[in-house]
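>>> sequence first, then the predicted structure, then my questions.
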Amino acid sequence: MNVRMCLAALTLAALVVSCGTSTDREVPQVICGTRIDPALTQPLVKNEKGFHEFTRVERSEAISAPCALLEGSDPVLEFRFSWEETEADLMYLALDAGTVSRITEPRTINFTYKTIVGTDGAISTTPCKTNGGDYFTLTLQVPQIPLTDQTHRKDIEKFMRAYFPATLKTLGCGAHAAPHPSGS
């Protein structure tokens, strides 16, 4: 191989490596079908490996299902999209012994939609008439945050304040979703 071919091969290899890894490591602008500012997601993820999604959510079917953002094989944001006939009891869901909606140290926040935020997740609900029911509930769990780590509560709250209303718009009930009567 001559020098020119070696330099061309090295340059091409550097471009492939730099292009392939930089885009995989960026925080996605759309997570589980909802557009979100990556600056709101960044504090909740480690951003060490490439991101990809696992989802079973079919908005048109309105059947309760999970969706997860993964780094490599590790879930970093786990969502549960739920459509029900009756309003969910958020504290019951948060404190339930199961893993579907459990969050640590949940507290009600003052928000347009009924919402609780914990140290490792959040849950919001609102009336939203669809084929799946009259209420929509979204659970967010951030599994890599240690249960005793209080430093991400505000980051989780900021994320949910943006993500939940944006998700409602994707469901076709954003304009029809009723805010929580007490505003909290």
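Sure thing, it's come through.
>>> okay, CA-based contacts and neighbour counts for the rest of this
OK.
>>> pretty sure E53 is touching S73, no?
No: using C-alpha atoms under 8 Å, E53 is not in contact with S73; the gap is 10.1 Å.
>>> looking at those two, which has the bigger crowd around it?
E53 (16 against 11; other C-alpha atoms under 10 Å).
>>> OK, contacts around that one?
I31, C32, C67, A68, L69, L70 (C-alpha atoms under 8 Å, 6 or more residues apart in numbering).
>>> ok, what's across the strand from the fourth one?
On DSSP bridges, the residues paired with A68 through beta bridges are F54, E78.
>>> now R161, what are its backbone angles?
As for R161, its main-chain torsions (degrees, to the nearest 10) stand at phi -60, psi -30.
>>> for it, what are its contacts?
With C-alpha under 8 Å, 6+ apart, R161 has these contacts: F111.
>>> rerun that using 6 Å as the cut-off
For R161, no residue meets the contact criterion (C-alpha atoms under 6 Å, 6 or more residues apart in numbering).
>>> which SS state does the closest residue to L171 other than its chain neighbours fall under?
Closest residue to L171 apart from its sequence neighbours, by C-alpha to C-alpha, 6 or more residues apart in numbering: R59 at 6.2 Å. At R59 the chain is in coil, as set by DSSP: H, G, I helix; E, B strand; the rest coil.
>>> pLDDT score for R59?
Per-residue pLDDT puts R59 at 85.
>>> same question for L40.
95.
>>> and what of T115?
Reading off the model, T115 has pLDDT 97.
>>> now the nearest residue to it once chain neighbours are set aside: phi and psi?
Of all residues not flanking T115 in the chain, S124 sits nearest, at 4.2 Å (C-alpha to C-alpha, 6+ apart). Backbone dihedrals for S124, given as degrees, to the nearest 10, come out at phi -130, psi 150.
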